[in-house]
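Chemist: what follows is a protein structure lacking sequence information:
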């Protein structure tokens with residue numbers, strides 16, 4: 001997950017979320033996810049590249065991607081990725097890069113961590129990621145707002 005570890009959450013006055021508040025929040029996320037999935041599918045329909053859904057709820061341009069052999073916990077991987085919005089505008093000038101990251105011990109967006117389990121060494125894949133699997137309701141507190149789906153170009157080095 002890409003959320004900041006020190007992000008403060010503040011319960012409402014009274015200290016706890018009511019069942020109703022939790023239900024409102026759940027429904028909001030469900031509706032947002034459904035809307036984003038429809039928007040991403042519409043975007044895919046206008047692309048020359050074919051994209052395939054994965055079990056975790058993002059898409060990739062590699063067919064059968066998450067059916068491959070899975071990398072094990074504690075194995076090492078070096079990777080980099082660039083982030084784009086759905087206007088295909090690059091968000092950061094420099095890619096995010098990690099060298100010899102150990103599975104089970106690094107903190108990454110859910111979709112990126114999942115994709116790294118299946119990517120082959122030297123391979124580059126494009127991920128289409130709903131906001132819930134990217135930076136969610138908080139954004140990255142820099143250039144990425146809350147509830148923004150992303151295009152991630154991920155490369156295993």
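Modeler: Done, it's in. For clarity, every value in this text was computed on a predicted model and none was experimentally measured.
Chemist: assumed residue 38 was part of a helix.
Modeler: Yes - Residue 38 sits within a helix when classified using DSSP: H, G, I helix; E, B strand; the rest coil.
Chemist: so what pLDDT did it get?
Modeler: We have a pLDDT of 96 for residue 38.
Chemist: ok, the residue sitting nearest the centre point of the chain - contacts?
Modeler: The centroid of the chain falls nearest to residue 134 when counting by C-alpha atoms, centre = their mean (3.2 Å). The contact partners of residue 134, by C-beta atoms under 8 Å, 6 or more residues apart in numbering, come to 2, 109, 111, 144, 148-150, 152. C-beta coordinates here come from the backbone N, C-alpha and C atoms, glycine included.
Chemist: the longest strand seen in the chain packs against which elements?
Modeler: Criterion DSSP state E: the longest strand present in the chain is strand 76-84. For strand 76-84, the packing partners by 3 or more C-beta pairs under 8 Å, 6 or more residues apart in numbering; DSSP states H and E come out as strand 96-102, helix 110-118, strand 150-156.
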